[in-house]
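> No sequence on hand, only this structure:
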């Protein structure tokens, strides 16, 4: 056959070539780790992971990034924990792309612990929250009995009804945990929610027209409504304003919110302050 024909002159399949290279690098990395050549194994796993990432093989990339992190944990050179943490984080991100949220949860948790030991609390907070987010997705998929979108995905098998209900409760409480204070990492979110509750409650008191003050049931202005809302939220309760009718329900809910949210805000704020020190 003429070598000038398109059959001979066609360019190689670069996608397939990169996959073959990545597989070969992964095998080589396992061999190097078996021979205790940890530095070389780390670099080879890292190269293989990046190749898998280029050819859109996120789960294989996640495994290679995780293996690189394991190698660097064994390594005793400069900043071992940070290098392991970054590879675990990269592995977790690839696991998210592959829709394997159970694996991503584990990897983000490991990365968070390593960042915490390194003193990088910004990255710790990020990975910690991502691990919790991955857990919520895993719980929701388990509750809804959705089929795995990635081969070998964990935590998506059929479960009995009782466990399914408990899974939903865990997901619901975890979602509240995320919404209210970002798993204890976002005190400003709790502060904003508290301000919103105070303002909305004040509006309710203003429009209700059923506040007893000065011996008369009347409509109070916005300033007085805000004052009443703040004293109610903080459970001071001076007694100069008494709700009547449906406004009593608003008062009860606002006071309960203050009792529950204020400690969460203080705990989260204290955690952030202690880390800064």
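Structure received. Bear in mind that the values here come from a model prediction, so they are computed numbers and not experimental data. Numbers count the residues shown, from 1 in each chain.

> Would you mind measuring from residue 123 to residue 130?
Residue 123 is 10 Å from residue 130, where distance means C-beta to C-beta, to the nearest Å. C-beta here means a position set from N, CA and C on the backbone, and glycine is covered the same way.

> what's the overlap in contacts for the two?
Among the neighbours of residue 123, none is also in contact with residue 130 (C-beta atoms under 8 Å, 6 or more residues apart in numbering).

> could you list every residue that touches the residue lying closest to residue 242 once chain neighbours are set aside?
Excluding its sequence neighbours, the residue lying closest to residue 242 (C-beta to C-beta, 6 or more residues apart in numbering) is residue 212, at 4.0 Å. Listed by C-beta under 8 Å, 6+ apart, the contact set of residue 212 reads 241, 242, 243, 244.

> correct me, but the first one touches residue 228?
Yes. Under the criterion of C-beta atoms under 8 Å, residue 241 lies in contact with residue 228, with a separation of 4.5 Å.

> by contact count, what packs against the host helix or strand of residue 190?
Using DSSP states H and E, residue 190 sits in helix 187-208. Under the contact definition 3 or more C-beta pairs under 8 Å, 6 or more residues apart in numbering; DSSP states H and E, helix 187-208 sits against helix 161-181, helix 222-233, helix 247-276.

> Dihedrals phi and psi, residue 209?
When read as degrees, to the nearest 10, the backbone of residue 209 gives phi 60, psi 20.

> Checking my notes, the residue nearest to residue 242 in a strand, right?
Yes. Residue 212: assigned to a strand according to DSSP: H, G, I helix; E, B strand; the rest coil.

> Take the contacts of residue 212 and keep only those in helices.
Judged by DSSP state H, helices contain none of these.

> Generate a PyMOL selection restricted to the buried entries among the residues you listed.
Selecting only the buried entries of those in PyMOL, with 16 or more other C-beta atoms under 10 Å as the criterion:
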select buried, resi 241+243
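
> Nearest to residue 42, out of the contacts of residue 212: which one, please.
Of all these, residue 243 has the smallest distance to residue 42: 65.5 Å, by C-beta to C-beta.

> Worst mean pLDDT across the helices and strands of this protein, which element?
Lowest on mean pLDDT, DSSP states H and E among the helices and strands of the chain sits helix 6-9, with a mean of 44.

> Next, the buried residues of the next helix or strand after that one.
Using DSSP H and E, the helix or strand that directly follows helix 6-9 along the chain is helix 14-34. Neighbour counts using 16+ other C-beta under 10 Å place 18, 19, 22, 25, 26, 28, 29, 32, 33 of helix 14-34 among the buried residues.

> Residues in contact with the helix or strand containing residue 134: which ones?
Using DSSP H and E, the element containing residue 134 is helix 121-144. The contact list for helix 121-144 (C-beta under 8 Å, 6+ apart) reads 85, 89, 92, 96, 101-102, 104-106, 108-109, 111-112, 115-116, 155-156, 159, 164, 167-168, 170-171, 174-175, 177-178, 182-183, 185, 275.

> Return a PyMOL selection command for the buried portion of those residues.
Buried subset of the contacts of helix 121-144, written as a PyMOL selection, criterion 16+ other C-beta under 10 Å:
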select buried, resi 85+89+92+96+101+102+104+105+106+108+109+111+112+115+116+155+156+167+171+174+178+182+183+185
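
> Just the mean pLDDT for stretch 112-126, thanks.
Here stretch 112-126 scores 89 as its mean pLDDT.

> Now do the end-to-end distance for that stretch.
Using C-alpha to C-alpha, to the nearest Å, the end-to-end distance of stretch 112-126 comes to 8 Å.
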